[in-house]
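Peer 1: Predicted model and sequence below, questions to follow.
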Amino acid sequence: MQAPKRNEPILLILSVVNPQAEALSASLVTEADHTIDNEKILISLDSNSFNDLRARWNTLMRGLIASEQSLEATRRGGLD
């Protein structure tokens, strides 16, 4: 695979498997195009530059991590 240049269009497709895929996908509504199939979320990110894609990736991952932690806390009843 050739390394992308910083200023050329780039596409990233990510597949996430999680038993709470539908709930997690709520954090993606404003962040990326995505589809849900049972426990699998297929996420598509595209951008005109690698730097922009990296920033969008970071935002998307922070949202997914926060959503997963929130779901876990709810499942445990908020007890640590």
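Peer 2: Received, thanks.
Peer 1: In this structure L53 contacts L60, no?
Peer 2: No. Using C-beta atoms under 8 Å, L53 is not in contact with L60, being 10.1 Å away. (Each C-beta comes from the backbone N, C-alpha and C, glycine too.)
Peer 1: who touches both of these two?
Peer 2: Taking C-beta atoms under 8 Å, 6 or more residues apart in numbering as the contact rule, the neighbours common to L53 and L60 are L45.
Peer 1: so what does the helix or strand containing D52 touch, helix or strand wise?
Peer 2: Per DSSP states H and E, D52 falls inside helix 50-76. Judged by 3 or more C-beta pairs under 8 Å, 6 or more residues apart in numbering; DSSP states H and E, the packing partners of helix 50-76 are strand 10-17, helix 21-25, strand 40-47.
Peer 1: Could you tell me how far the residue nearest to E68 when sequence neighbours are not counted is located from I43?
Peer 2: The shortest distance from E68 to any non-neighbouring residue, by C-beta to C-beta, 6 or more residues apart in numbering, is to L24 (6.4 Å). Taking C-beta to C-beta, to the nearest Å as the measure, L24 and I43 are separated by 10 Å.
Peer 1: How many neighbouring residues does the nearest residue to S49 once chain neighbours are set aside have?
Peer 2: Spatially, and ignoring its direct neighbours in sequence, S49 is nearest to N7 (5.2 Å; C-beta to C-beta, 6+ apart). Counted with other C-beta atoms under 10 Å, residues neighbouring N7 total 11.
Peer 1: pretty sure N7 is in a helix, no?
Peer 2: No. Secondary structure of N7 (DSSP: H, G, I helix; E, B strand; the rest coil): coil, not part of a helix.
Peer 1: gap between it and E39?
Peer 2: On the measure of C-beta to C-beta, N7 and E39 end up 37 Å apart.
Peer 1: so what's the one residue sitting closest to the centre of the chain up against?
Peer 2: What sits nearest the mean C-alpha location of the chain, by C-alpha atoms, centre = their mean, is L60, with 4.5 Å. Neighbour list for L60: 28, 31-32, 43, 45 [criterion: C-beta under 8 Å, 6+ apart].
Peer 1: Thank you kindly, that will do.
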